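Student: test case, fold it:
(2 chains)
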Amino acid sequence: MTTLPPAIAQFETDYAAVRKSAMRVNLVSTVLFAFCFFAAASIGGFFDMTDVTLSNGDRVSMWKIWAGLPRLGEYLYKTLPVLHLETLGSDLANWFWRWKVWLQLLLETILIAYLATLLGVAGAFLLSFPASRNLSPNTFVLNLTRRYLEIVRTVPELVWALIFVFCFGVGPLAGVLAIGLHATGALGKLYSEANENADMRPVEGIKASGGSWFDQIRYGIVPQVVPNIISYTLLRFEINVRASSIIGFVGAGGLGQEIRVAMSLQEYTDLSALFLIIFVTVIIMDTVSENVRHRIIGLTGKGV
Amino acid sequence: MLVVEKLSKTFGDLKAVDGLSLAIPKGQMVGVIGRSGAGKSTFLRMVNRLTDPSFGTIICDNRNVTDLRGRDLRLWRASCAMIFQQFNLIERMDVLTNVMAGRIAQTGFLRSMTRSFTKDDRIGAIHALDRLDLAPQALQRAGTLSGGQQQRVAIAKALVQNPQIMLADEPIASLDPANATRVMDALREINQTDGLTVLVNLHTLDTARAYCDRIIAMREGRVQFDGTPAELSNEKVREIYGTHDLSGGINEAVTSTSIAPNSFQQPRQAVGA
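Tutor: Residues are numbered from 1 along each chain as shown, chains lettered A, B, ... in the order given. Below is the predicted model:
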């Protein structure tokens, strides 16, 4: 057997030690993960049993998920409209009987999303710089802005909407404020992460030339993060369209109020019509904004 | 005249610069050499106040600049322009804006935020670019230029700051020999024509010898050598770089950036041979 050179022998020892500790970390994290998974699932009722009556009259105990799945199909089936090929026109007209109201509300939904996104962008853009670890003037400002962004994004849009409906009454204004506030928090987080990934050398270049904090941000950071900002903003707009179609549930404007009425009156075909409208709108929004987004990311030739 | 007295900077337990005292007369071209970690960069950054000194004072023309704050500090930074190894330009903006950014300390908040520099700033910028043969590239994005061109843009930006002192932190360390020569020639030309004090950190001994009036060598945060290039003997070089772990000596040709060694000194073996 050949003896290894001492440096290589040392490496082999170190390598074995590193491997061993990596294995240990893997094992512990796997066990921990599995435990958390089963604990969460059992608290969440995944393993619950329920009693059901079979078609022959027997009562048996069944796994809840298994027993409930068929009812999903039942619900969806109820929402399907009755369409006949020969009377398709009148059947469709019957299905979308409130189309005038719905289109108007759809427009309102999109406008709520648009205005809320604008509000969110303005707030998030301004707050993202003091909320970035690499740019914040001091830790107090950093923590203050970060906590603010956390609070406004942790509270769901629906809850903000409830509060604003109480303050400003029923209508789209409450919806705009609610979604805008939540979007501020969500976008502020994303923007500040983009800022934290930015190259700091241009910032230093501006600082060394005598630029103030604002100059350093304006010239050192903003040109780098603008493509990210646009991309996140368009993504947020898509999300906000979805959010604003729900927010009417609590009276904050948009299609949501129609969904709520249809649900409580058990007008199942109205529900499917409304879902179809929202579905098509979201798909169109997604496609358009994705195209715009990719075009902008490709077209970053000119700094902003 | 730039005077630093007992200038020190500590990072935790590490003394990056340890009681540095120097006087640099106006218009001198000074090369600062030393091995990596000797405190060269920290020294230059302290002069520009990018790094705050732990102890000591920096005095320029009988004015203490060590404790400047706010607007005074920004004007001081503008008056001692800094050039970086990695150029530190705004790569996504055009070359002209990059150069006009040298006027940022004199530009008001609204003008700065809207990128509307004055006409004078624009004229100054294009003249500075022309001086460095970069006027044709003025409207290109800075990031599309070669390293050597970017470094010359950085010099043009430094020029429009109307500085008294120019600090260059290893300006040629990431450039090829041809570009390195152009950049060093530009620095020397500025030093001689405008009478600016130039402090340049260098890794290449023969560049320091060829371009500088005075060489300051740092080791472990202190001045190890301070004199003319001619006084920098082989033994001194050996002391500066601490070559006890090298079997031979230091061959200046290894780090040389000169393209035509015959045009000035033949790079020579510093020790041994």
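
Student: now stretch A:17-28, how far from the chain's geometric center?
Tutor: 36 Å (Cα atoms, centre = their mean, to the nearest Å).

Student: should've said stretch A:134-151
Tutor: 22 Å.

Student: can you report how many residues neighbour A:W63?
Tutor: The number of residues packed near A:W63 is 13, by other Cβ atoms under 10 Å in any protein chain shown. Every residue, glycine included, has its C-beta placed from N, CA and C.

Student: then A:D91?
Tutor: Other residues near A:D91 number 15, with proximity taken as other Cβ under 10 Å.

Student: what sits against it?
Tutor: The contact partners of A:D91, taken as Cβ atoms under 8 Å, 6 or more residues apart in numbering or on different chains, are A:P81, A:V82, A:L83, A:H84.

Student: let me see the ranges of the helices in the stretch 51-200 of chain B.
Tutor: B:70-79, B:95-100, B:109-113, B:119-131, B:147-160, B:177-194 (DSSP state H, counting those that start in this stretch).

Student: ignore what I typed, I meant chain A.
Tutor: Taking DSSP state H, the helices of chain A run over residues A:6-43, A:64-79, A:88-95, A:99-128, A:139-154, A:157-168, A:172-196, A:201-208, A:213-215, A:222-246, A:256-264, A:268-298.

Student: rewinding a little: most neighbours, which of the contacts of A:D91?
Tutor: Greatest neighbour count in the contacts of A:D91, by other Cβ under 10 Å, goes to A:P81: 15 neighbours.

Student: state the distance from the one residue sitting closest to the centre of chain B to chain A.
Tutor: In chain B, the centroid-proximal residue (Cα atoms, centre = their mean) is B:A168; its distance is 0.9 Å. For B:A168, the distance to chain A (Cβ to the nearest Cβ, to the nearest Å) stands at 11 Å.

Student: nearest to chain B among the contacts of A:D91?
Tutor: A:P81 (52.9 Å; Cβ to the nearest Cβ).

Student: how about the stretch 151-273 of chain B: which residue is closest to chain A?
Tutor: For the stretch 151-273 of chain B, Cβ to the nearest Cβ, closest residue to chain A: B:Q161, 6.0 Å.

Student: isn't that residue right up against A:I206?
Tutor: No - look at B:Q161 against A:I206 with Cβ atoms under 8 Å: they stay out of range, at 11.7 Å.

Student: which one's more surrounded, these two?
Tutor: Taking other Cβ under 10 Å, B:Q161 and A:I206 do not tie; A:I206 has more neighbours (30 against 27).

Student: and the more buried one, what does it touch?
Tutor: Per Cβ under 8 Å, 6+ apart, neighbours of A:I206: A:D215, A:Q216, A:Y219, A:G220, B:I90, B:A101, B:I104.

Student: next, the contact list for the last one, please.
Tutor: Looking back up the chat, that one is B:I104. A:I206, A:S209, A:G210, A:G211, A:S212, A:D215, A:Y219, B:A78, B:S112.

Student: give me the below-cutoff pLDDT ranges for chain B.
Tutor: Along chain B, the parts satisfying pLDDT under 70 run over B:243-250, B:253-273.

Student: up against chain A, what does it have?
Tutor: Within chain B, the residues that sit near chain A (Cβ under 8 Å from any Cβ of the partner chain) are B:48, B:50, B:74-78, B:81-82, B:84, B:86-94, B:97, B:101-102, B:104-105, B:107, B:109, B:112-113, B:115, B:141, B:154, B:157, B:161.

Student: just the buried residues from these, in PyMOL please.
Tutor: Entered in PyMOL, the line below selects the buried ones among these, by 16 or more other Cβ atoms under 10 Å in any protein chain shown:
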select buried, chain B and resi 48+50+74+76+77+78+81+82+84+86+87+88+89+90+91+92+93+94+97+101+102+104+105+107+112+141+154+157+161
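
Student: tell me which parts of the stretch 201-304 of chain A are close to chain B?
Tutor: Within the stretch 201-304 of chain A, the positions lying close to chain B (Cβ under 8 Å from any Cβ) are A:201-202, A:204-212, A:214-215, A:218-220, A:223-224, A:300-303.

Student: can you show me the strands along the stretch 1-150 of chain B?
Tutor: For the stretch 1-150 of chain B, the strands defined by DSSP state E, counting those that start in this stretch occupy B:2-11, B:14-24, B:29-33, B:55-60, B:63-64, B:80-83.

Student: widest-spaced pair of the contacts of A:D91?
Tutor: A:P81 and A:H84 (10.4 Å; Cβ to Cβ).

Student: dump the strands of the stretch 1-150 of chain B into JSON lines; add distance to A:T184 as well.
Tutor: Formatted as JSON lines, these follow (distance: least, Cβ to Cβ, whole Å):
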{"stretch": "strand B:2-11", "distance to A:T184": "38"}
{"stretch": "strand B:14-24", "distance to A:T184": "42"}
{"stretch": "strand B:29-33", "distance to A:T184": "48"}
{"stretch": "strand B:55-60", "distance to A:T184": "44"}
{"stretch": "strand B:63-64", "distance to A:T184": "45"}
{"stretch": "strand B:80-83", "distance to A:T184": "37"}
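
Student: would you mind finding the most buried of the ones you listed?
Tutor: With neighbours defined as mean count of other Cβ atoms under 10 Å in any protein chain shown, the strands of the stretch 1-150 of chain B peak in mean count at strand B:80-83, which reaches a mean of 27.

Student: how about the most centrally placed residue in chain A, what does it touch?
Tutor: Note on chain A: the residue nearest the mean C-alpha position is A:I239, at 6.0 Å, using Cα atoms, centre = their mean. By Cβ under 8 Å, 6+ apart, the residues touching A:I239 are A:A183, A:A186.

Student: how close does it sit to chain B?
Tutor: 27 Å.

Student: same question for A:A194.
Tutor: A:A194 is 14 Å from chain B, by Cβ to the nearest Cβ.

Student: same question for A:G73.
Tutor: Relative to chain B, A:G73 is positioned 53 Å away (Cβ to the nearest Cβ).
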